[in-house]
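> Sequence plus predicted model, see below.
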Amino acid sequence: MDKDLRALEQERRQLSQQRAAVVESEKKLRGREESVREREETFRRRLDTKLDDQLRDARRRIDEVIEELKNRAPRLVNTGETGAARSEARAAIDSIVGRVGLDTGATSSTTRREAAEAAGPIEIGTRVVVGGLDLEGTIVELRGNQAEIDVRGKRMRAKLKDCAPLGIAPPATVRVNVDLQPAKDRCQN
């Protein structure tokens with residue numbers, strides 16, 4: 001019996017040592033995982049910063065090219081064409097960013113366009129984003145292929161194809177508080 005107890009005690013000590021070794025190796029693995037995670041996060045932040053810088057440079061270069069085009073041939077190219085060229089170039093950059101799957105930290109026009117596709121048809125009262133201008137407004141009137149849009153209290157016209165719906169505008173609400181007090185008898189003799 002003593003022999004069996006000693007054997008059990010020996011096995012118990014071995015199991016205890018094995019458990020301690022497993023716990024220690026788990027701690028080491030967790031530490032390594034955390035270290036790898038931190039390195040990945042640092043690398044991701046550096047990469048995002050570099051990409052943001054390159055995107056800013058590309059957008060700035062687009063604006064420089066458009067300005068140069070305007071200065072070289074101001075009468076040959078109208079502002080609508082330059083705006084369209086600028087918006088197409090920016091949309092191309094945004095689509096590349098979308099394909100890469102990075103968040104640039106700003107609300108991009110592609111994100112708005114994706115939301116617009118889900119918003120439905122354009123009708124009076126629909127909130128829209130106006131294409132190259134990237135302005136948000138509410139449709140006030142529709143005339144053929146053009147829309148009259150209320151943008152921050154100003155009205156503007158745009159082609160329907162340049163408008164991307166965001167959804168129905170919430171109804172305007174006005175709250176009025178009236179405090180009534182009892183009238184005192186003013187006709188006292």
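It's in. This is a predicted model, so every value here is computed, not measured.
> Leu47 belongs to a helix, doesn't it?
Yes: counting by DSSP: H, G, I helix; E, B strand; the rest coil, Leu47 is located in a helix.
> If you count neighbours, what's buried in the longest strand anywhere in the chain?
Selection of the longest strand in the chain by residue count, based on DSSP state E, yields strand 135-143. Of the residues in strand 135-143, those with enough neighbours to count as buried (16 or more other Cβ atoms under 10 Å) are 137-139. Where you see a C-beta, it was placed from the backbone N, CA and C, and this is true even at glycine.
> now for the strand or helix carrying Arg19, which elements pack on it?
Using DSSP states H and E, Arg19 maps to helix 2-72. The elements that helix 2-72 packs onto, with contact taken as 3 or more Cβ pairs under 8 Å, 6 or more residues apart in numbering; DSSP states H and E, are helix 79-100.
> Out of the helices and strands in this protein, which is least certain?
helix 109-119 (a mean of 50; mean pLDDT, DSSP states H and E).
> tilt between the next helix or strand after that helix and strand 135-143?
Under the assignment DSSP H and E, the closest C-terminal helix or strand after helix 109-119 is strand 126-130. When axes from the mean of the first three to the mean of the last three Cα atoms, to 10 degrees is applied, the directions of strand 126-130 and strand 135-143 differ by 110 degrees.
> Output strand 126-130 in PDB, but only the C-alpha positions, please.
Output of strand 126-130 as PDB, limited to C-alpha atoms (Å, rounded to 0.1, in the frame of the first residue of the first chain):
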ATOM      1  CA  THR A 126     -35.100  63.100 -51.400                       C
ATOM      2  CA  ARG A 127     -31.800  64.000 -49.900                       C
ATOM      3  CA  VAL A 128     -29.100  63.800 -52.500                       C
ATOM      4  CA  VAL A 129     -25.400  64.400 -53.100                       C
ATOM      5  CA  VAL A 130     -24.500  66.500 -56.100                       C
END
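> In it, which residues are buried?
Applying a neighbour-count criterion of 16+ other Cβ under 10 Å, one finds 126-130 buried in strand 126-130.
> SS state for Arg155?
strand.
> That one: neighbour count?
Summarising burial for Arg155: neighbours were counted as other Cβ atoms under 10 Å, giving 11.
> I figured it hits Ala147, correct?
No: using Cβ atoms under 8 Å, Arg155 is not in contact with Ala147, being 10.5 Å away.
> quick one, domains of the chain?
Residue ranges for the structural domains of the chain, counted by automatic domain parsing, are given in the record as 10-98, 107-168.
> Just say which of those is most tucked in.
When the domains of the chain are scored by mean count of other Cβ atoms under 10 Å, the highest mean neighbour count falls to domain 107-168 (a mean of 15).
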